[in-house]
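Undergrad: what follows is a predicted structure for the sequence shown.
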Amino acid sequence: MSKPVVSVRNLTVTYQIGHSLLGQNTYLNAINDVSLDIDRGSFFGLVGESGSGKTTLGRAILKAAPISAGHVTYHDGEVEYDLANISSSQLKDYRKRAQLIFQDPYAALSPRMTVRDIIAEPLEVMGLTKTREETDARVREIAAKCRLNLEHLRRFPHAFSGGQRQRISIARALVSGPKFIVADESVAALDVSIQADVLNLLKQLQDDLGLTFLFISHDLSVVAHICDHVAVMYLGRLVETAPTRQLFSGARHPYTKALFSAIPSLDPDDRGKAQKLEGEIPSPTDPPPGCKFNTRCPHAVDICRQEEPKLEHPGDGHEVACHRWRELFDMVPA
Ligand code: ADP
Ligand code: MG
């Protein structure tokens, strides 16, 4: 097995969110002691409700959020960087290798630039091409891979639909030749009919260009459709991670179970059976003691309110942080 492209170890991201006149500051752990590996060539899904820390984790891996404790290591076979201790010249190089695809293709594209200039900009900013001909050739190459044609390159973003704009954003993210991509809610703003097109394009690009993806979504059904591995987050913690098929055939954490039961089934007989996840995610400034999910968990008992469960590694690649998972979901009938 080759080394993972991204290794996150005991990562904590802390934000200071308030000052008090008495000198007492308020802090929030957006990410709390998270460890995970993203293997080369994988489409790694990160799922959880809004506020669970997905964007912050993606940003920390891109060195765009503070690494307050722990480590993030990037390794693509050519370079290896310890992001907590990265030099400025390494960081410059890392920006070419690791890129973000934004959520909102409307906000992300400058309305006054042609599509050609939007896609070319990173090449110019990073100094990756020397002549206009070289830049144009690279822009055309990546545009074609993203199913944009020469005619499109001369136009302005307002002339395009949501799905086309997202393809322009994708081309811009890929033009520097990155190996690792964070796609943060990249289809959330699109109509369902367009989502599948963009997801298929991302998959195709992954194959063509040998990319590794961290695919962030609040929507477990989208993640399940495209990802080969899934990590589930709750209030800044990793609560479960497994190969997608394993997660589907037997989720172990009550939170993951609840996310699954909230997906409306495609089976018409099953419609209406989707259960809503009750209650609100607690505030990260005032997390409950014990398991962070205990305030909403139908199975919580005393220990869940007192002791925070650790992520267990039962040895089958399916990790879970729940005091009661074996008892609740792994019972072998007598
Ligand atoms: P998600 O992407 O899962 O919705 P986020 O990573 O955006 O979650 O946010 C996780 C938590 O961190 C939230 O409580 C959010 O308010 C807080 N947070 C995110 N960014 C900042 C920041 N720059 N400063 C302070 N708090 C932040
Ligand atoms: Mg987010």
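TA: Structure received. Ligands and ions are numbered 1, 2, ... in the order given.
Undergrad: is L21 in a helix, a strand, or coil?
TA: Reducing the assignment to helix, strand or coil with DSSP: H, G, I helix; E, B strand; the rest coil, the entry for L21 is coil.
Undergrad: element containing the spatially most central residue of the chain?
TA: The centre of the chain sits closest to I216, judged by CA atoms, centre = their mean, with a distance of 2.8 Å. I216 is located in strand 212-217, with elements delineated by DSSP states H and E.
Undergrad: still on that earlier bit, from ligand 1, how far out is the residue nearest to the centre of the chain?
TA: Between I216 and ligand 1 the distance is 7 Å, computed by CB to the nearest ligand atom, to the nearest Å. Yep, even glycine has a C-beta here, placed from its N, CA and C like the rest.
Undergrad: interface residues of the stretch 51-200 of the chain facing ligand 1?
TA: With CB under 6 Å from any ligand atom as the criterion, the stretch 51-200 of the chain comes near ligand 1 at residues G51, S52, G53, K54, T55, T56.
Undergrad: make that the stretch 201-334 of the chain, sorry
TA: With the criterion set to CB under 6 Å from any ligand atom, the stretch 201-334 of the chain comes near ligand 1 through P284.
Undergrad: just want the residue of the stretch 201-334 of the chain that's nearest ligand 1.
TA: The stretch 201-334 of the chain approaches ligand 1 most closely through P284 (4.5 Å), counting by CB to the nearest ligand atom.
Undergrad: returning to that earlier point: I'd like the residues of the stretch 51-200 of the chain next to ligand 1 laid out as CSV, including pLDDT, secondary structure and neighbour count.
TA: What follows is these, written out as CSV (pLDDT from 0 to 100; DSSP: H, G, I helix; E, B strand; the rest coil; neighbours: other CB atoms under 10 Å):
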residue, pLDDT, secondary structure, neighbour count
G51, 93, coil, 19
S52, 95, coil, 26
G53, 97, coil, 24
K54, 97, helix, 25
T55, 96, helix, 20
T56, 98, helix, 22
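Undergrad: pick the one among those closest to I303.
TA: Looking at these and their distance to I303, the nearest is S52, at 22.9 Å (CB to CB).
Undergrad: need the contact list for the closest one.
TA: Contacts were defined as CB atoms under 8 Å, 6 or more residues apart in numbering; by that measure S52 touches M233, Y234, L235, G236, I281.
Undergrad: the first one reaches K54, doesn't it?
TA: This points to M233. Yes: at 5.9 Å, M233 counts as touching K54 under the criterion of CB atoms under 8 Å.
Undergrad: who touches E319 in this structure?
TA: Going by CB under 8 Å, 6+ apart, E319 touches L238, E240, T241, A242, L311, E312, H313.
Undergrad: give me the buried subset of those.
TA: Restricting those to buried positions leaves L238, E240, T241, A242, L311, E312, with burial counted as 16 or more other CB atoms under 10 Å.
Undergrad: sitting in strands, which of those residues do you find?
TA: Here DSSP state E is the test, and these give L238, E240, T241, A242 as lying in strands.
Undergrad: reformat those as a markdown table; add pLDDT.
TA: Supplementary listing: these in a markdown table, determined by pLDDT from 0 to 100:
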| residue | pLDDT |
| --- | --- |
| L238 | 98 |
| E240 | 97 |
| T241 | 97 |
| A242 | 97 |
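Undergrad: pull the most distant pair out of those residues.
TA: L238 and A242 (11.3 Å).
Undergrad: before we move on, back to that, so which of the contacts of E319 is the closest to R140?
TA: Looking at the contacts of E319 and their distance to R140, the nearest is T241, at 39.5 Å (CB to CB).
Undergrad: ok, and the closest non-adjacent residue to the closest one?
TA: With CB to CB, 6 or more residues apart in numbering as the criterion, T241 has its nearest non-adjacent residue at 4.2 Å, and that residue is A231.
Undergrad: helices or strands up against the host helix or strand of that neighbour?
TA: Here A231 is covered by strand 229-234, with elements defined by DSSP H and E. Contacts defined by 3 or more CB pairs under 8 Å, 6 or more residues apart in numbering; DSSP states H and E place strand 229-234 against strand 26-38, strand 43-47, helix 220-226, strand 237-243, helix 244-249, helix 254-261.
Undergrad: so the host helix or strand of V8 versus strand 26-38, what angle?
TA: Secondary-structure element containing V8, defined by DSSP H and E: strand 6-18. Between the direction of strand 6-18 and that of strand 26-38, the angle (axes from the mean of the first three to the mean of the last three CA atoms, to 10 degrees) works out to 170 degrees.
Undergrad: which other helices and strands does strand 6-18 contact?
TA: Helices and strands touching strand 6-18, by 3+ CB pairs under 8 Å, 6+ apart, are strand 26-38, helix 54-61, strand 69-75.
Undergrad: which residues sit against it?
TA: Contacts made with strand 6-18 from outside it, assessed by CB under 8 Å, 6+ apart, are listed as 25-38, 53, 56-57, 60-61, 65-75, 180, 212, 214, 236, 285.
Undergrad: fine by me, we can end here.
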